[in-house]
Structures are given as structure tokens and as C-alpha cells.
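> Give me coordinates for this.
(chains A and B)
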Amino acid sequence: MSHLAQTGTAGAPEDRFLAHHFPDMTAQSQTSKLGIWLFLGSEVLFFSGLFVAYGVYRANHYALFHYAHHFLDWRMGALNTVVLVGSSLSAAWSVRCAQLGDRRGLRITLLLTLLLAGMFLVVKYFEYSHKLHNGIAWGAACHPSEEILSTLPASVRALPVPKDLGTFFSIYYLMTGLHGIHVLVGMGLYVWLIRRATRGDFGPGYFVPVDSVALYWHLVDMIWIFLFPLLYLI
Amino acid sequence: MTEHASARPAHEPGTHVMSPGILVATAASLMVLTAITVTSSRIDLGPWNVVVALAIACTKATIVALFFMHLKYENRFLMVILIAAALFAALFVSFVVFDTVQYQPEIRAADQAVRKGS
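Residues are numbered from 1 along each chain as shown, chains lettered A, B, ... in the order given. Model prediction:
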């Protein structure tokens, strides 16, 4: 198991992770950092297309958006916000553990991040299945059941169901769905990190993967910071 | 905060180890701002609800970027990448929304004319 023992005393133990086209670990880690930030910049632009769709439909159909948001349970959204902030804290802590060579702490924080990410998707699953069982699907397939209509506030229930209600939910499913796919990818990356951390790959001299995945994870959190108020609250 | 970094010279250069205090304070401020955004959305401010919600969301995103993503301690160029991306995303959204709002009365009028004619 111990790669450290195998490499012996010749050079720093982290040198086995140095790709041949980099002169040293510093050049490699600085390049990785630039690379991950360029990727995160492209992610912001990737999501901006969906924010445009949201903005255009909301600007033109304000009443529909105001009506539709009553179908979303803000408590579920707020719970998931708290879960994601917790996972971000754990992810940031894992970087600290790797930098300080605290291997036990690293494994615990990586596992905690993975568990909280899973919890986010479990809450999301309950939200999606509750909606789909009650006919709240996307586009023309959106026909809310009497059961779910009866849970709306009285003032909202008095209004006729807008015929374009599905438009809001198309946007809702696309935005939260794309975000959910990012959470799923993040979970895969955390499984990979946990495997490598258990093997003892990371330490003060080599923690770029832990840092890069954490940066990605914080961006996923950041996008939810915008999705939660825009979809659930206003 | 820096005592850890100096205690371990094996660190990659430019590494900044975040202190537990700052990490916990970052998470706590994000929780408080979440509570504020939920509370503010329950007060009817008309068109200002969106403005308040987005202002709080931008504040939260800035806190995440500066501390969780440790941009405060990084090469400024990385911050330029994020700000440029966010700026272009904001330009993209706002110009398209301005445009669609500006042409909406004409589209509605044309729509009604077509309906009357048929």
C-alpha cells in the first residue's frame, strides 16, 4: 500500500506525480490552477444560457412565474442550501487537511462532502418525484393534479391554472437538472479523491486534485446560491 | 493562519492554508445570508424583491469565491477570469432581457392585429 516506502529517499515523494512535460511541481500546480479556473469561467458562461431563458420568460410572463413558484417548497430549497454550504465547508476543510498532511482528517472531510452531496440529491429526488406524481412535468405535459392544487395558498388557488404553466417547469427542470448533473459528477470526483486519499497520494507537497475538485464543488454551490432564490423564493 | 504555512516548508510555493476560524465564519455568514434572503422574499417589495434576492446572492457568491475558493490569497489573474466570466454572463442576460422587454409591446400589438384580421 505504501507508495512512500517504494519511492525511498530519492527525491521528494510527490515527484512521482510530476508529469514529464513540467520542469517541477510548482510549474505543474500553477498550470493546473490556471486550467481549473478557465474551466470554471466556461462553466459560468455555460449556465448563463439558462439564466437568459429564465430572464426572458420571467420578464415577459411575470404573473406566470409568480404563480408557478408556489408549487416549489422553499423549505426543501432552503434545506438543500444548508446541505450545500455544509458540503462546501467540508470541501474547503479537506484542502486544508491535505495541505497540512492530516490524512485522517482528509479522508473524513472528503467522505463528509460526498455524503452531503448525496443528501442534496436525495432531497432533490423527493422534490422531483412529488412533482412528477402530481402531473407537474415540463412543457405541454404539465397538468397539475387536484391534490397538489389544493396545497396552494387560498389566494393562489382562486386563480385559474395558466395554460403555459409547463414553460416555467421546463426552465425549472433544465436549470436544476443541469445543476443536479454537476452534483452527480462532483460525487464521482469525490469517490475518486477518497480512493486516492486512502492510498496516501496527497500531502503538503501534492494536493492539486483535492484543491481543483473543491474549486469545482464551490462553483456548483455558487450556482445553487442563484438558483434557490430565483426559482423558490421570488 | 500563516504559522502552518511557515511550519511546513515542503509546501508548494504560493500555498495559503485557510484557518479553521475563517472557514467556519465563511459558512456561518452564508447561512445567515440564506436566512436573510428567505425572510426578505416574504416581504412584498414589488419589483425590488428580485433586486434584493440577486444582491444577496451576489454577496454570497463573492464570499464563496474569496474564502472557500481562496481567491483573496491567489494570483489576481485568477480573479480576473472569474469576474470576466461573471461580467459577460451578466451582460448576456441583461441585454437579451432589455431587448425582449423593449419589443414586447410591438409583438403583442402585431399579435392582436393578426387575431382581429383572421
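
> For stretch A:171-188, buried residues please.
By 16 or more other CB atoms under 10 Å in any protein chain shown, the buried positions in stretch A:171-188 come out as A:171-173, A:175-176, A:179-180, A:182-183, A:186-187. Quick note: C-beta positions are derived from backbone N, CA and C, even for glycine.

> mind giving me the domain split of chain B?
Under the assignment automatic domain parsing, the domains of chain B span B:1-74, B:75-118.

> just flag whichever of those domains has the lowest average confidence.
Looking over these, mean pLDDT reaches its minimum on domain B:1-74, with a mean of 86.

> Just give me how far that one sits from the chain centre.
Offset of domain B:1-74 from its chain centre (CA atoms, centre = their mean, to the nearest Å): 11 Å.

> That one close to chain A?
Yes. Using CB under 8 Å from any CB of the partner chain, domain B:1-74 comes into contact with chain A via B:4, B:8, B:10-15, B:17-18, B:20, B:23-24, B:26-27, B:30-31, B:34, B:37-38, B:41, B:49-50, B:53-54, B:56-57, B:60-61, B:64-65, B:67-69, B:74.

> Could you pull up the residues touching residue B:96?
With contact taken as CB atoms under 8 Å, 6 or more residues apart in numbering or on different chains, residue B:96 is in contact with A:52, A:55-56.

> of those, list those near chain B.
A:52, A:55-56.

> Tell me the helix or strand right after the helix or strand bottoming out on mean pLDDT in chain A.
Ranked by mean pLDDT, DSSP states H and E, the weakest helix or strand in chain A is helix A:3-7, scoring a mean of 45. Along the chain past helix A:3-7, the next helix or strand (assigned with DSSP states H and E) turns out to be helix A:25-60.

> Now for the residue nearest in space to the middle of chain B, which secondary structure element holds it?
Nearest to the mean C-alpha position of chain B, by CA atoms, centre = their mean, lies residue B:58 at 3.2 Å. Following DSSP H and E, one finds residue B:58 within helix B:48-63.

> show me where chain B has helices.
For chain B, the helices defined by DSSP state H cover B:3-7, B:20-41, B:48-63, B:76-117.

> the inter-axis angle of the longest one versus helix A:25-60?
Regarding helix B:76-117 and helix A:25-60, their directions subtend 20 degrees when assessed with axes from the mean of the first three to the mean of the last three CA atoms, to 10 degrees.

> before we move on, what about the second one?
Using the same axes, to 10 degrees, the direction of helix B:20-41 lies 10 degrees away from that of helix A:25-60.

> buried sites along helix B:20-41?
Across helix B:20-41, burial judged by 16+ other CB under 10 Å covers B:22-23, B:26-27, B:30, B:33-34, B:37-38, B:40-41.
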